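In: show me the folded form of this:
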Amino acid sequence: MTTSENTRPDGDTVEVHTPADVVYVSTLRLTAASLAARCDLTIDDIEDLRLAVDEACALLLPHAASGSTLDARFTLHQGRLEVETSVRTGESAEPDRTGFAWTVLGALASSVDVRKQDGQLIIAVTKQREAAAR
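Out: I've put the predicted structure just below:
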């Protein structure tokens, strides 16, 4: 089976698992940028998403359990990329929603959601292609 470079993403999913350490966040930023281009996001949208992934990781990493992984799940759609980043945490872990990182994350992403599931703290970020200025 061969694929064409013109094939549009429709729910394709890519998962990346790294050690929960700040030195690996650049891997997730690079992956986000590459996949966002595949979703036909604009250059500005791609840069916003790269920074949003960085901020989401900055909010998660202080809560990561020792020896855990930083996991990212990217779901591709035409004109939209959904990114879920997560770490294994303790029960009471919550991202700081009053700090600068949260403010920046909210400004860069089309939507942001935080949830806990099965011992994981998850930050879900969606970036949708912005309409061209008229």
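
In: what lines up beside the helix or strand where residue 17 lies in the sheet?
Out: Using DSSP states H and E, residue 17 sits within strand 10-19. For strand 10-19, the pairing partners within the sheet under DSSP bridges are strand 69-77 (antiparallel).

In: give me the contact list for the helix or strand just after the partner strand.
Out: Where DSSP H and E defines the elements, the next helix or strand beyond strand 69-77 is strand 80-88. The contact list for strand 80-88 (CB atoms under 8 Å, 6 or more residues apart in numbering) reads 20, 28, 32, 35-36, 39, 41, 49, 52-53, 56-57, 60-61, 63-65, 68-75, 110, 119-129. For the C-beta atoms, the positions are set from N, CA and C on the backbone; glycine is no exception.

In: show me where this structure has its helices.
Out: 25-38, 43-60, 100-108 (DSSP state H).

In: packing partners of the last one?
Out: Pointing back at helix 100-108 there. helix 43-60, strand 120-128 (3 or more CB pairs under 8 Å, 6 or more residues apart in numbering; DSSP states H and E).

In: next, the angle from the shortest one to helix 100-108.
Out: Inter-element angle recorded for strand 120-128 and helix 100-108: 30 degrees (by axes from the mean of the first three to the mean of the last three CA atoms, to 10 degrees).

In: pairing partners for strand 120-128, with directions?
Out: Here, using DSSP bridges, strand 120-128 pairs with strand 80-88 (antiparallel), strand 111-117 (antiparallel).

In: how many other residues sit next to the closest residue to residue 16 other than its chain neighbours?
Out: Nearest residue to residue 16, sequence neighbours excluded (CB to CB, 6 or more residues apart in numbering): residue 72, at 4.7 Å. Close neighbours of residue 72, defined as other CB atoms under 10 Å, add up to 22.

In: good, wrapping up.
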